[in-house]
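In: dropping a prediction and its sequence here:
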Amino acid sequence: MRLLSWLSESVDERPGAVQINDRGVSWVELRRLAAAVADDLHGLDRVAVEASTDLATVVGVAGALLAGTAVVPVPPDAGPRERDHILRDSGAEAVLVPTPGQRRGDYPDRPLIPVDLTRRADSSRPEPDPADTALILYTSGTTGAPKGVVLSRRAIAACLDGLADAWGWTPDDLLVHGLPLFHVHGLVLGALGPLRLGSRLHHVGRPTPERYAGAAGSLYFGVPTIWSRIAAAPAAARALRSARLLVSGSAALPTAVGTGLATLTGRRVVQRYGMTETLITVSAHADGPHRPDAVGLPLPGVRTRLVDDDGAPLPAGGETMGELQVRGPTLFDGYLHRPEADAASRTSDGWFRTGDVATIGPDGWHRIVGRAATDLIKSGGYRIGAGEVEDALLAHPGVREAAVVGIPDSDLGQQVTAYVVSDGVAESELIDFVARQLSVHKRPRQVRRVDALPRNALGKVQKSRLPE
Ligand code: MLC
Ligand code: AMP
């Protein structure tokens, strides 16, 4: 089956099948727009896509995937440091960009291919090998620059088919969300999902409670921050009563948010768990049992286990916590150019180490307890490496030392907080400095000045001893 099977085969010409902000197209029109992009790529191996919240992004990604060209999404607000790294590391040969007035980034060393939404084509080409790379997604580790996660066409297809099964996701659905189009949640599930499974898509731009309420969807995706804001806006939440399914993922959904939403909407929020490297591996089912504190059961073909600190398997008794390890058809092919990181991420018997601490009940239900490493922060559902933000801060001439942590936050889950030893640089200047170098969401929300960072005898920063 083709990766974008619905898009490739649909004869539906009704308008508004895929709508991003105010711009909608039919399935046939989207295919013809994407075919024009595929024609422009002339067999390129890898292309970057400036992934703004725009129809051009969906057209560009679809065109590249139809052509068999691997896609490297670039966050539209990525500063020069992050953008240059992604382009250089991925080896993207060109950049698909929206029309000139809409472009956000500068790409001085690469040919630009505009996604021209006035051009259509009727070309078609054979389906690429399922083992070929579909996406290279850049994601943060605890230290250093983001790593490229290589995802095959086969892994994406397996993930989407598993979710279709778990959620009863069909062409009868209208999917609504307002997630960024450069991560697994918004791009793989939220855009490639409809293009494979045939549900209509309405991307509302910014994910405000009012826009979710006004969209009249049957299926809604959100990160916990979005659901928590909707739960705090009762009128908007009540408008979701007509939906079939509300799905939360990318970070832990506070139980109170889930139960509050269930009361307001009459719909329970289904949770699912995943990672950039593994795609979605565990989910609750739309018509199955419900547990507000748990993320569900492994998807078809996925196996999971818990291990202790020495890597020894632990019993699935529901109480014992251990590191969650997974294997199955949705796993990535490796980190690009990073054989050591790759080797470290898997056990000798082929399981992927998620770094998440979990329990598994006798009934198979998984509960995510937290992360083993504190240097990976989840803020608003974004994964942010403390080391990358520290490196960005240290590039400022007035900063001598920096330590970054995630502190609990009722809106964002965790808030990026920086402790710096600096020569009197203003907090706002450092926040803006990081926002300009990296993506805006990686900026510290607060910067605290300290005289010195707490260190152990070996000189290593002890983050647990930073002032509250
Ligand atoms: C603010 N802004 C600045 C700025 N401060 N710009 C420049 N410099 C500064 N110092 C601007 C931003 O650019 C933005 O403008 C606006 O202010 C608001 O930005 P924000 O404050 O960062 O928004 P916030 O309210 O914090 O966003 C919350 C949120 C967002 C929930 C909408 O966190 C979000 O979209 N999260 C989704 C993350 C996600 O999709 N994760 C999935 C990972 S995949 P502008 O231009 O934007 O209006 C994964 C796998 C899985 O995890 O399991 O799913
Ligand atoms: P990312 O690589 O951005 O996809 O982030 C993956 C991480 O998000 C996982 O390792 C988890 O820590 C976290 N995560 C994703 N989904 C959930 C969930 N439903 N509950 C708790 N944490 C989650």
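Out: Looks like it arrived, so ask away. Numbering: from 1, shown residues only. Ligands and ions are numbered 1, 2, ... in the order given.
In: pLDDT score for the closest residue to ligand 2 within the stretch 351-468 of the chain?
Out: Across the stretch 351-468 of the chain, the shortest distance to ligand 2 (C-beta to the nearest ligand atom) belongs to residue 383, at 3.4 Å. Backbone N, C-alpha and C define where each C-beta goes, glycine included. We have a pLDDT of 97 for residue 383.
In: what's across from it in the sheet?
Out: For residue 383, the beta-bridge assignment (DSSP bridges) gives partners residue 378.
In: quick check: it vs residue 138, distance?
Out: Applying C-beta to C-beta, to the nearest Å, the value for residue 383 to residue 138 is 10 Å.
In: higher neighbour count, these two?
Out: Just comparing residue 383 and residue 138: by other C-beta atoms under 10 Å the higher neighbour count belongs to residue 138, 24 against 19.
In: burial count for the closest residue in space to that one that isn't next to it in sequence?
Out: In space, and not counting its chain neighbours, residue 138 is closest to residue 146: 4.1 Å by C-beta to C-beta, 6 or more residues apart in numbering. Residue 146 has 24 neighbouring residues, counting by other C-beta under 10 Å.
In: then residue 350?
Out: Neighbour number of residue 350 under other C-beta under 10 Å is 9.
In: pretty sure it sits against residue 325.
Out: No: in terms of C-beta atoms under 8 Å, residue 350 does not count as a neighbour of residue 325; the distance is 9.7 Å.
In: show me where the stretch 201-350 of the chain has strands.
Out: 219-222, 245-248, 269-275, 279-283, 297-298, 303-307, 322-327, 334-335 (DSSP state E, counting those that start in this stretch).
In: where does pLDDT dip in the stretch 351-468 of the chain?
Out: Of all residues in the stretch 351-468 of the chain, none has pLDDT under 70.
In: which residues of it lie near ligand 2?
Out: 354, 356, 368, 371, 378, 383 (C-beta under 6 Å from any ligand atom).
In: which one of the residues you listed is nearest residue 270?
Out: Taking C-beta to C-beta as the measure, residue 270 lies nearest residue 368 of those, at 14.6 Å.
In: returning to that earlier point: with mean neighbour count and mean pLDDT as extra columns, can I get the strands of the stretch 201-350 of the chain in JSON lines?
Out: Formatted as JSON lines, these follow (neighbours: other C-beta atoms under 10 Å; pLDDT from 0 to 100):
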{"stretch": "strand 219-222", "mean neighbour count": "26", "mean pLDDT": "98"}
{"stretch": "strand 245-248", "mean neighbour count": "24", "mean pLDDT": "98"}
{"stretch": "strand 269-275", "mean neighbour count": "24", "mean pLDDT": "97"}
{"stretch": "strand 279-283", "mean neighbour count": "27", "mean pLDDT": "98"}
{"stretch": "strand 297-298", "mean neighbour count": "20", "mean pLDDT": "98"}
{"stretch": "strand 303-307", "mean neighbour count": "17", "mean pLDDT": "98"}
{"stretch": "strand 322-327", "mean neighbour count": "23", "mean pLDDT": "98"}
{"stretch": "strand 334-335", "mean neighbour count": "20", "mean pLDDT": "98"}
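In: once you drop chain neighbours, what's closest to residue 395?
Out: Nearest non-adjacent residue to residue 395 (C-beta to C-beta, 6+ apart): residue 437, at 6.8 Å.
In: wait, that neighbour sits on residue 394?
Out: No: between residue 437 and residue 394 there is no contact, the gap being 10.9 Å when judged by C-beta under 8 Å.
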